[in-house]
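Pasting a predicted model and its sequence here:
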There are 2 protein chains.
Amino acid sequence: MSSSTVIAQEPQVQTNEPIVLTTGAAVRLAARNNEHTHSTSGLAPGYLQANLIMLPSKYASDFRDLCARNPVPCPLIAESRNPGDYAALQSYLPGVPDEQMARALDLRTDCPKFNVYENSQLKLAGIPDILEHWTADHVAFLIGCSYSFESALVRAGLPPRHTVLDRNVPMYRTSIPLNPAGVFMGGTYVVSMRPYKKADIETVRAITRRYLPTHGECIAWGWDAVERLGIKDINVTQWGDAPLTMDGRPLGDVFGDEDNVPVFWGCGVTPQEAVMRAELDGVVMGHAPGHMLLLDCLEDQVLV
Amino acid sequence: MSSSTVIAQEPQVQTNEPIVLTTGAAVRLAARNNEHTHSTSGLAPGYLQANLIMLPSKYASDFRDLCARNPVPCPLIAESRNPGDYAALQSYLPGVPDEQMARALDLRTDCPKFNVYENSQLKLAGIPDILEHWTADHVAFLIGCSYSFESALVRAGLPPRHTVLDRNVPMYRTSIPLNPAGVFMGGTYVVSMRPYKKADIETVRAITRRYLPTHGECIAWGWDAVERLGIKDINVTQWGDAPLTMDGRPLGDVFGDEDNVPVFWGCGVTPQEAVMRAELDGVVMGHAPGHMLLLDCLEDQVLV
């Protein structure tokens, strides 16, 4: 792809050495060249990562409204400048100009893996690009990702449990309704969960509060929040890995323990779920879960 | 008050004739001079009306965050430019400059009636001004009001039931949680309700959808939504008047009727409830329910 030459100064890896990807642009290029095909968790620390959803243009206005009405689970940070444009973004991040979002971008190739849905059914999972599926009628939306506040928690000495145990963050479907918007009706919040000591929760709230465009502060916490959110079993996740105690027991086995209190955040899987639930006609695409789009702007640029 | 001379061209009424108030500025002046002390429903058609909440400055940042995280029930449209400033507003309405919000404003006098709370307890209800209670430390917030989309519904031949029957809109506390923000925890949505024919609901959704800064489209509809929102009895409102059928029966008596389907919108009472629930220290003030602040900008200026 010709546009890759624009960022040819980025590391090109031709050996079997582990790839070291330290910038958003480097991760995008490695994803484009299929040199990096795994999860983007922990890559290019400090760079913003985004959820990616691509829809037929007739649904764009309602989707924009869905995000505006549900900014905690669906924080819209950018979209493609025009239908069919896979290279230029319009930024919704205050203080981040369009051209600082992602230079030399190709939305069709720059996630490590993609999913393709047809008439709201998963058709292709984990494919390396969507060159054959993207059309002149598609609009791309970028949604903030909670990876962005996890680095801040690590810096504060409060690393999320799943990062310490090298697992994926547990995610759950809840019964908390989204505010409907046009065709997007009947959706509910998806939440991510990180257990903390009860005594640390106010600090954790304060740290994540400032990351408003990447879900902001937790929406619920405490063992009683599990039932309140409509989660049937804390040990059974709908996405990600099951949560554990530090000594490897299922989290639900220590129900009520104040050293292992479940804390829940709005999750970027929410808009994907809302899109599936809306039973849209046509081809919808997204990054494969965990395989995000890396940006050029920094996590600290979204601080409120 | 000297600032009233600035808008001295507005009608001055000294007789017992009914006051005709056709602009936002005229309503503010009449409220300031205690010439109009009633509800602002139906006044100055086309002009934006706002809910008003005034807090000690230490809570301002969390309140701003509460609104940002819950824009449907708490659409923040402006705030006082600096703590203690009762005359100048900062506009959050796209396309409406600060100086077009409300000329010659005095937030301490310009609602027909005010309420004053001390340590989260109602202390004074329905007083004509808050000159003695406003301090250099208070910050005022203006929240969008659903009066703004009611005119559009009337124009479309779909007048809200309560306006036809000359009653107040029914309002209910729900079990739908607000996204917490700092000190503002444990709040839930308050909703307003307008019954419509089932066949009209999509039109009603589409009309109100465009009024995003004044609550936007309905958040729930249908007889099954009553239970889903945690409303125990549709005939028992927490604010406003009980809902009726067109022939004057309690709405709950026609449960399931497709000509009388309950339709629910986010309601500007929500942030007041959240503020009360947060058990803030000090003096909090607001407009008395129904006695809103009139602005100079027009309802159509908030269309998305």
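On my side now, so go ahead.

Could I get the full set of strands for the stretch 51-200 of chain A?
Per DSSP state E, counting those that start in this stretch, the stretch 51-200 of chain A carries strands over the ranges A:76-80, A:89-91, A:114-118, A:121-127, A:138-144, A:171-177, A:188-196.

With respect to chain B, which of those lies nearest?
strand A:171-177 (6.5 Å; CB to the nearest CB). Just so you know, the C-beta spots here come from the backbone N, C-alpha and C atoms, and that holds for glycine as well.

tell me the most buried of the strands of the stretch 51-200 of chain A?
strand A:138-144 (a mean of 26; mean count of other CB atoms under 10 Å in any protein chain shown).

ok and that strand relative to strand A:76-80, angle-wise?
Per axes from the mean of the first three to the mean of the last three CA atoms, to 10 degrees, the angle that strand A:138-144 makes with strand A:76-80 is 160 degrees.

Report whether strand A:138-144 contacts chain B.
No: Strand A:138-144 does not reach chain B (CB under 8 Å from any CB of the partner chain); its nearest approach is 13.0 Å.

mind giving me a markdown table with the strands of the stretch 51-200 of chain A and columns for mean pLDDT?
A markdown table is the format used below for the strands of the stretch 51-200 of chain A (pLDDT from 0 to 100):
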| stretch | mean pLDDT |
| --- | --- |
| strand A:76-80 | 97 |
| strand A:89-91 | 97 |
| strand A:114-118 | 95 |
| strand A:121-127 | 94 |
| strand A:138-144 | 97 |
| strand A:171-177 | 97 |
| strand A:188-196 | 97 |
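
Please name whichever of the ones you listed is nearest to residue A:273.
strand A:188-196 (5.6 Å; CB to CB).

tell me the angle that closest one makes with strand B:171-177.
Following the same axes, to 10 degrees, one obtains 50 degrees for the angle between strand A:188-196 and strand B:171-177.

before we move on, the earlier item: in a markdown table, list the strands of the stretch 51-200 of chain A along with distance to residue B:251.
Listed next are the strands of the stretch 51-200 of chain A as a markdown table, based on distance: least, CB to CB, whole Å:
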| stretch | distance to residue B:251 |
| --- | --- |
| strand A:76-80 | 37 |
| strand A:89-91 | 45 |
| strand A:114-118 | 41 |
| strand A:121-127 | 41 |
| strand A:138-144 | 39 |
| strand A:171-177 | 22 |
| strand A:188-196 | 27 |
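
now for the ones you listed, which one comes closest to residue A:162?
Using CB to CB, the nearest of these to residue A:162 is strand A:188-196, at 6.9 Å.

Chain B contacts on chain A?
Applying CB under 8 Å from any CB, we find that chain A lies next to chain B at A:65, A:68-69, A:71-72, A:176-177, A:179-182, A:205, A:209, A:212, A:216-220, A:228, A:266, A:304.

can you do 7 Å?
A:65, A:68-69, A:71-72, A:176-177, A:179-182, A:209, A:212, A:216-217, A:219 (CB under 7 Å from any CB of the partner chain).

Widest-spaced pair of those residues?
A:182 and A:209 (30.0 Å).

Pick the one among the residues of chain A next to chain B closest to residue A:147.
Among these, and counting by CB to CB, the member closest to residue A:147 is residue A:216, at 14.1 Å.

What residues does that closest one make contact with?
A:72, A:208, A:209, B:69 (CB atoms under 7 Å, 6 or more residues apart in numbering or on different chains).

quick one: the helices in chain A?
With DSSP state H, the ranges of helices along chain A come out as A:24-32, A:60-69, A:147-155, A:161-164, A:201-209, A:224-228, A:269-277.

Of those helices, give the one that comes closest to residue A:261.
helix A:201-209 (6.5 Å).

what's the angle from the closest one to helix B:60-69?
Using the same axes, to 10 degrees: helix A:201-209 against helix B:60-69 is 60 degrees.
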